[in-house]
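Undergrad: Compute the structure for the input listed below.
(chains A and B)
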Amino acid sequence: MNHGLRGRTAVAGVGETTYYKRGQSTDPEFVLVVKAILAACEDAGINPREIDGFCSYSNDRNTPARLANALGLEELRYSNMQWGGGGGGAAAVVQNAASAVHAGSANVVVAYRGLAQGQFGRFGQGGRRPAVRGEFAYTLPYGVMSPAQMYAMRTTRLMWEHGIDRSTMRAVALAAYHHAQNNPRAVMYGRPLDAETYDSSRWITEPFRLYDCCLENDGGAAMIVTSAERAADLSDTPVLVLAAQQSGGHRSGAWVHNPTDYATSSFKLGAQHLYDQAGVTPDDVDVVQSYENFTGAVVMSLIEHGLCTYENANEVLTFENLRADGGSIPLNTSGGNLAECYMHGLGMQIEAVRQVRGDSSNQVPNVNVSLSNAGPMVEIASTAIYGTAEVLG
Amino acid sequence: MSALAEATYLPEGLTQPAPMRDGMDAPYWEGTREHELRVQRCADCGTHQWGPDWVCHACQSLNVEWVTVEPTARIYSWQRVHHPVHPALAEHGPYIVVLVELPHADNLRMIGNLLGDPMQDIVIGSDVEAVFEDHDNGNPPYTLVHWQVTNS
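TA: Reported below is the predicted structural model:
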């Protein structure tokens, strides 16, 4: 079997800016990206002028050409934009960067995302156009405008089809806030959440309460992807990309909520390819970063990645089980999109890398296999698995 | 079978729909103005399709037709929106969005509002019927398709 990317590339460095509540960054979005890339280069121990490729997603406004100018690159060999709105591309950028490196298209590729919702408009607000044509003509006039409104009905259907209890969603929120209290980068650092506060929080749209929904933030994040050999020169404990996979199902992009399979995070097919590529099974996964646009999507994602089942989700997905300190499925150990920062999921890829390096603020002991998914429920989602050389055997 | 809305379910001022400039979905919007529910059906394999596309997703035929279907459905999923994200909804209060499926049209799904008490209990699987809500002052004029639980 051809294992493709397995262990061929590595994440040599990670970087992020200060994470801000939306609108509070004093830096322009472009500067946030430059700062994140420079931080990642410093973390990796490489000169920024060694970068020769860029990968981003979700129509990031900060283009490779402009970044190459700013960073003084002598040569730009590779650039790539992952299609799709939402954060479905946050692991796909690692796949795309790793593929470029493995193919010899470039040597040092940066995967990045910059987001200043305060400067360019909030995801959580509806459009203000007088008229709309195409797909959104069938949703906006009925008051389906924000991401929460676009994805709530998948969660309702999940709960109805499989008897999933909302206690699972609460556990996801509590775990994220619990972990954020140990993470000084987290926007919600120093702002703990308890079950009573979650239960009494206002509805955004049923079945989502306030704390089921991700934050809106300003910030920048970047990861340096290079060959496993180069990474081994830079670090005694390189973080290998064991697998990275995009995932969409039959008609997953069909308009007006018509995917063939509706109550899905879009991972059912991709997860199998992912594990095959990595040469591991769900039982091997030591720690999980599961993208929270909304908590209900995390429940779907964990099930579809084989980390629990529809049948046992209500029993398994508890706050105790999701904690880094002793849980069986340590989840979202930086605080994730709910409580660290909504860096469109790239921060959760970085956290997965940190868990392998052993320098997470909520470090799980002896991590060899670290999984991080992105953009559940969007048309094309993605997942990456990072790990140590030990996994390669 | 179908009813006519007496007042708009959501306040004026939201983004209004308009047909695509390439004409792909014009028959749907024209149908709503005539209080008919039109969807696509493949002239080759007979599969009903929604949302609209130039290509049949089942057999890849380009020979996709429009047909009028009975404006009845059943609730497939729902949400009750509480937090307004548009100025026109700021003082409006909760509203219900339903995703309905049409069993007589290959279970294709459509989105609309569920008329009636916004705090009503909503039961997946309930039978609903379409209610056409005219917006004659739109630019261009348009008609929305809502749903209400069938009294039987």
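Undergrad: With adjacent residues omitted, what lies nearest to residue A:304?
TA: residue A:267 (3.9 Å; CB to CB, 6 or more residues apart in numbering or on different chains). Backbone N, C-alpha and C define where each C-beta goes, glycine included.
Undergrad: Where does the prediction get shaky in chain B?
TA: Within chain B, the stretches with pLDDT under 70 are B:1-6, B:152.
Undergrad: Most proximal residue of it with respect to chain A?
TA: residue B:51 (2.7 Å; CB to the nearest CB).
Undergrad: Identify the residue nearest that residue in space, chain neighbours excluded?
TA: residue A:255 (2.7 Å).
Undergrad: The one you found: neighbour count?
TA: 20 (other CB atoms under 10 Å in any protein chain shown).
Undergrad: Am I right that the residue of chain B closest to chain A is in contact with residue A:258?
TA: Yes - using CB atoms under 8 Å, residue B:51 makes contact with residue A:258 at a distance of 6.0 Å.
Undergrad: how about the nearest residue to residue A:156, chain neighbours excluded?
TA: Nearest to residue A:156 is residue B:77, by CB to CB, 6+ apart, at 4.8 Å.
Undergrad: what secondary structure does the one you found sit in?
TA: strand (DSSP: H, G, I helix; E, B strand; the rest coil).
Undergrad: same check, this time on residue A:38
TA: Applying three-state DSSP: residue A:38 is helix.
Undergrad: give me every residue that touches the residue nearest to residue B:127 when sequence neighbours are not counted.
TA: Closest residue to residue B:127 apart from its sequence neighbours, by CB to CB, 6+ apart: residue B:150 at 4.3 Å. Counting by CB atoms under 8 Å, 6 or more residues apart in numbering or on different chains, residue B:150 touches B:72, B:126-129.
Undergrad: OK, now which residue of chain A is nearest to chain B?
TA: Taking CB to the nearest CB, chain A has residue A:255 as its residue nearest chain B, at 2.7 Å.
Undergrad: I'd assumed that residue was in a strand, is it?
TA: No - with three-state DSSP as the criterion, residue A:255 is coil rather than part of a strand.
Undergrad: Would you quantify the distance from it to residue B:82?
TA: To residue B:82, residue A:255 is 26 Å away according to CB to CB, to the nearest Å.
Undergrad: Please point out which parts of the helix or strand of chain A with the lowest mean pLDDT sit buried.
TA: Sorted by mean pLDDT, DSSP states H and E, the helices and strands of chain A end with helix A:117-120, the least confident at a mean of 82. For helix A:117-120, burial by neighbour count (16 or more other CB atoms under 10 Å in any protein chain shown) applies to A:117-119.
Undergrad: do the same with stretch B:26-40
TA: Applying 16+ other CB under 10 Å to stretch B:26-40 flags B:27-29, B:31-32, B:35-40 as buried.
Undergrad: who's in contact with the residue nearest the centre of chain A?
TA: The centre of chain A sits closest to residue A:345, judged by CA atoms, centre = their mean, with a distance of 2.9 Å. If you count contacts by CB under 8 Å, 6+ apart, residue A:345 has them with A:87, A:90-91, A:113, A:291, A:337, A:374-375.
Undergrad: for residue A:47, same thing?
TA: Taking CB under 8 Å, 6+ apart as the test, what residue A:47 contacts is residue A:41.
Undergrad: Identify each buried residue in stretch A:30-47, please.
TA: A:30-41, A:43-44, A:46.
Undergrad: mean confidence for it?
TA: Average pLDDT, stretch A:30-47: 98.
Undergrad: Ok, stretch A:350-362 next?
TA: 98.
Undergrad: quick one: contacts of it?
TA: With CB under 8 Å, 6+ apart, stretch A:350-362 has contacts from A:11, A:14, A:16, A:179, A:182-185, A:221, A:223, A:237, A:239, A:286-287, A:289, A:324-325, A:330, A:332-334, A:336, A:340, A:363-364, A:367-368, A:370-372, A:384, A:386-388.
Undergrad: Can you go through those residues and name the buried ones?
TA: A:11, A:14, A:16, A:179, A:182-183, A:185, A:221, A:223, A:239, A:286-287, A:289, A:324, A:330, A:332-334, A:336, A:340, A:363-364, A:367-368, A:370-372, A:384, A:386-388.
Undergrad: Can you give me the buried ones in stretch A:262-274?
TA: Buried residues in stretch A:262-274 (16+ other CB under 10 Å): A:262-267, A:269-271, A:274.
Undergrad: one step back: where does the residue of chain A closest to chain B land on pLDDT?
TA: 97.
Undergrad: For it, give me its contacts.
TA: Applying CB under 8 Å, 6+ apart, the residues near residue A:255 are A:135, A:138, B:50-53.
Undergrad: residue boundaries of the strands in chain B?
TA: Taking DSSP state E, the strands of chain B run over residues B:3-4, B:16-18, B:37-42, B:48-49, B:64-69, B:72-81, B:95-102, B:108-113, B:127-135, B:142-149.
Undergrad: how close does the nearest residue to residue A:214 once chain neighbours are set aside sit to residue A:51?
TA: Nearest residue to residue A:214, sequence neighbours excluded (CB to CB, 6+ apart): residue A:337, at 4.0 Å. Counting by CB to CB, the gap from residue A:337 to residue A:51 is 27 Å.
Undergrad: Could you check the pLDDT of the residue of chain A most remote from its centre?
TA: In chain A, the residue that sits farthest from the middle, by CA atoms, centre = their mean, is residue A:130; the gap is 33.1 Å. pLDDT recorded at residue A:130 is 87.
Undergrad: same thing with residue A:113?
TA: On pLDDT, residue A:113 comes in at 98.
Undergrad: what's next to the helix or strand following the least confident helix or strand of chain A, contact-wise?
TA: Going down the chain from helix A:117-120, the next helix or strand is strand A:131-133, by DSSP states H and E. The contact list for strand A:131-133 (CB under 8 Å, 6+ apart) reads A:140-141, B:15-21, B:139.
Undergrad: List the neighbouring strands of strand A:131-133 plus their orientation.
TA: strand B:16-18 (parallel) (DSSP bridges).
Undergrad: which other residues reach the partner strand?
TA: A:130-133, A:137-138, A:140-141, B:29, B:135, B:138-140, B:142, B:144.
Undergrad: Buried ones from those residues, can you make that a PyMOL selection?
TA: Here is the PyMOL command that selects the buried residues among these (16+ other CB under 10 Å):
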select buried, (chain A and resi 132+133+137+138+140+141) or (chain B and resi 29+135+138+142+144)
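Undergrad: out of the buried residues of helix A:117-120, who's nearest residue A:298?
TA: Closest approach to residue A:298 among these (CB to CB): residue A:117, at 21.5 Å.
Undergrad: Now do the same contact list for the closest one.
TA: A:22-23, A:123, A:216-218.
Undergrad: Mind doing that once more with 10 Å?
TA: Residues near residue A:117 by CB atoms under 10 Å, 6 or more residues apart in numbering or on different chains: A:20-23, A:25, A:29, A:123-125, A:215-219, A:342.
Undergrad: quick revisit: pipe the contacts of residue B:150 into TSV and attach neighbour count per row.
TA: Shown next, in TSV, are the contacts of residue B:150 (neighbours: other CB atoms under 10 Å in any protein chain shown):
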residue	neighbour count
B:72	19
B:126	17
B:127	15
B:128	20
B:129	18
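Undergrad: All set, thanks.
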